[in-house]
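# next come a sequence and a model predicted from it.
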Amino acid sequence: MKPINYYPIGFWNYPNIKETPVSEAARWKNCGMTLTQTPFFSYEKNDPAAMTAMLDAMAEAGVDAFVCISDLDFHRFVGHPEGYRDIFARAYADFGKHPAVRGFFVGDEPLNDAEFAACQEAYRVMREVAPELTPLLNFNPYWHGMEYDLLNGEDFDGWIDRFIRSSGCPLICYDCYWQMNPGEEGINMYFTNLNRYVSAAKRNGIQVFNTVLSCGHFRYRVPTEDDLRWQLSTSVASGCNGILWFLYYGQHNCNNYRGSPVDELGEESATYTSLRRVQLLFHRRYGAMMAKLHFDRAWHFPRTYGNYPMYTTGALPHIRKMTSDNDLPGMLSRFTDDDGQEYLVLVNNSQTESGLFTFHMDGGVKQFTRYWNGEAVDFIVSHHDAVYGDDGHVARAGFWLAPGQMEVLQIGY
């Protein structure tokens with residue numbers, strides 16, 4: 001992917017380019033989107049000038065683009081890849097060198113060997129013609145039994161490693177919405193997906209995006225502001241390099257789709273207001289920083305989901321244990337910068353409750369830095385309404401966190 005200085009956040013943008021005024025780009029920026037799909041374009045039905053105008057508007061708003069060309073959807077080429085190169089060469093010549101463009105959309109949720117092969121061919125063509133761009137393909141969520149339902153009995157890790165090597169893809173993306181089922185019904189599978197897909201990306205030295213939920217449907221609830229914050233923070237803390245939201249425009253006037261950020265009337269819903277607040281505050285506090293840091297690993301405490309390890313004494317130097325005074329689930333992740341400096345990310349892993357989360361450390365802490373709004377704050381000196389103490393033997397630092405709230409920290413001895 002071309003170098004960026006922001007954390008990528010976007011959405012699934014299903015309306016046609018003809019139906020979407022260029023003024024929408026400013027509304028996307030207002031909501032906190034930084035890298036998103038364009039509306040869909042068809043060479044048969046649309047004028048290329050309309051897509052160029054949209055890309056111009058996105059560039060002016062400061063929103064980068066994955067260009068969605070329906071003619072390039074991999075489903076059209078299953079079993080007969082001929083012709084793909086010519087269409088992509090045309091799309092690249094028309095749009096690929098626009099400054100807003102970061103890549104082109106390959107398609108969504110391949111389901112069998114023939115479709116996987118079509119995706120791999122699309123990747124190879126795109127990477128050969130436009131090596132500076134990043135294609136976007138979205139995979140299904142992992143589920144127990146996927147190996148036999150889709151992968152002919154092959155282990156998921158082996159299969160996705162092989163797909164990445166064969167296709168040369170620099171980014172994998174997947175969707176998972178079970179976390180918005182009632183209670184904790186789907187949380188374990190949500191973290192199972194984060195664990196598996198992020199681990200695959202890390203093994204292969206590529207990036208990973210998570211598609212999360214901003215619209216109620218089926219059994220999934222309409223996400224609250226706490227839910228939106230929780231999905232963003234847990235994705236970031238688990239090592240995702242970007243996220244997409246499903247879905248932004250409420251154009252699905254069927255079944256029980258409801259609560260999209262922009263509703264069926266074209267108006268901004270309560271979800272839009274909450275999503276805007278969550279995303280703009282994230283960008284202000286951590287976005288540029290998290291775009292540059294490199295994920296190492298994550299722990300859960302005092303209970304775990306998705307086969308993440310429990311934080312135990314010695315997992316990180318000087319941190320004896322992590323506690324949640326209200327018995328709420330927490331996350332602790334380790335990141336590094338380009339110079340090898342270590343950063344810790346703490347998240348309240350509860351979707352519904354606030355609580356106090358505490359580091360129990362060796363005494364004699366010399367540095368405890370909290371990053372906030374792009375500034376480094378000396379937490380030892382300034383910890384208003386938080387907890388800090390160090391008697392030389394044991395040091396404690398505690399944070400009151402809302403559901404899904406995250407903190408970025410550095411500790412030095």
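Perfect, I can see it now.

# as a whole number, average confidence for stretch 72-92?
Per-residue pLDDT over stretch 72-92 has a mean of 96.

# buried residues, that stretch. List them.
72-74, 77-78, 81, 84-85, 87-88, 90-92 (16 or more other CB atoms under 10 Å). C-betas here are computed from N, CA, C, even on glycine.

# try stretch 11-26
11, 12, 13, 14, 17, 20, 22, 24, 25.

# ok, of the residues you listed, which one's closest to residue 116?
Set against residue 116, the nearest of those by CB to CB is residue 12 (21.1 Å).

# measure the closest one to residue 40 for me?
Per CB to CB, to the nearest Å, residue 12 is found 10 Å from residue 40.

# which residue ranges of the stretch 1-150 of the chain form helices?
In the stretch 1-150 of the chain, the helices defined using DSSP state H, counting those that start in this stretch lie at 24-31, 48-61, 84-91, 113-129, 146-149.

# save those as TSV, and put in distance to residue 328 too.
Below are the helices of the stretch 1-150 of the chain laid out as TSV (distance: least, CB to CB, whole Å):
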stretch	distance to residue 328
helix 24-31	29
helix 48-61	38
helix 84-91	48
helix 113-129	40
helix 146-149	31
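
# out of the ones you listed, nearest to residue 239?
helix 146-149 (20.9 Å).

# what's the following helix or strand past the closest one in contact with?
Downstream of helix 146-149, the first helix or strand assigned by DSSP states H and E is helix 156-167. With CB atoms under 8 Å, 6 or more residues apart in numbering as the test, helix 156-167 has contacts from 116, 119-120, 123-124, 142, 146-147, 151, 169, 172, 196-197, 199-200, 203-204, 206.

# and the angle for helix 156-167 with helix 113-129?
Helix 156-167 runs at 40 degrees relative to helix 113-129, counting by axes from the mean of the first three to the mean of the last three CA atoms, to 10 degrees.

# a helix runs through residue 315, doesn't it?
No - looking at residue 315 with DSSP: H, G, I helix; E, B strand; the rest coil, it is coil, so not inside a helix.

# in the sheet, who's paired with the nearest residue to it once chain neighbours are set aside?
Spatial nearest neighbour of residue 315, excluding adjacent residues (CB to CB, 6 or more residues apart in numbering): residue 299 at 6.1 Å. In this entry, residue 299 is beta-bridged to residue 332, by DSSP bridges.

# which ones are touching residue 299?
With CB under 8 Å, 6+ apart, residue 299 has these contacts: 308, 309, 310, 311, 315, 322, 331, 332, 333.

# could you measure from the fifth one over to residue 166?
Taking CB to CB as the measure, residue 315 falls 35 Å from residue 166.

# same question, the second one
Spatial separation of residue 309 from residue 166 under the definition CB to CB is 31 Å.

# which of these two has more neighbours?
Neighbours per residue (other CB atoms under 10 Å) separate residue 309 from residue 166, with residue 166 holding more: 15 against 12.

# quick revisit: PyMOL command to pick out the buried ones of the contacts of residue 299?
In PyMOL, a selection of the buried entries from the contacts of residue 299 looks like this (16+ other CB under 10 Å):
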select buried, resi 308+311+315+322+331+332+333
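
# of the contacts of residue 299, closest to residue 130?
Nearest to residue 130 out of the contacts of residue 299 is residue 333 (CB to CB; 33.2 Å).

# and the closest residue to residue 91 other than its chain neighbours, what pLDDT?
In space, and not counting its chain neighbours, residue 91 is closest to residue 69: 5.0 Å by CB to CB, 6+ apart. Note for residue 69: predicted pLDDT of 98.

# run through the bridge partners of residue 69.
residue 41.

# was I right about it contacting residue 41?
Yes - in this structure, residue 69 is within contact of residue 41 by CB atoms under 8 Å, at 5.4 Å.

# residues touching the residue lying closest to residue 127 once chain neighbours are set aside, list them.
Sequence neighbours aside, residue 168 is the residue nearest to residue 127 in space, at 5.0 Å (criterion: CB to CB, 6+ apart). By CB under 8 Å, 6+ apart, the contact set of residue 168 is 123, 124, 127.

# what's the pLDDT at the second one?
The model reports residue 124 with a pLDDT of 96.

# just residue 2 next, same as before
So, for residue 2, pLDDT stands at 67.

# and the helices in the stretch 201-350 of the chain, which stretches?
Using DSSP H, counting those that start in this stretch, the helices of the stretch 201-350 of the chain run over residues 225-237, 270-282, 288-292.

# which of the ones you listed sits closest to residue 245?
With distances scored as CB to CB, the stretch of the helices of the stretch 201-350 of the chain nearest to residue 245 is helix 270-282 (7.3 Å).

# average pLDDT for that closest one?
Helix 270-282 comes out at a mean pLDDT of 98.

# now for it, which elements pack on it?
Under the contact criterion of 3 or more CB pairs under 8 Å, 6 or more residues apart in numbering; DSSP states H and E, helix 270-282 touches helix 24-31, helix 225-237.

# just send those helices back as JSON lines, with mean pLDDT and distance to residue 189 too.
Shown next, in JSON lines, are these (pLDDT from 0 to 100; distance: least, CB to CB, whole Å):
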{"stretch": "helix 24-31", "mean pLDDT": "98", "distance to residue 189": "28"}
{"stretch": "helix 225-237", "mean pLDDT": "98", "distance to residue 189": "13"}
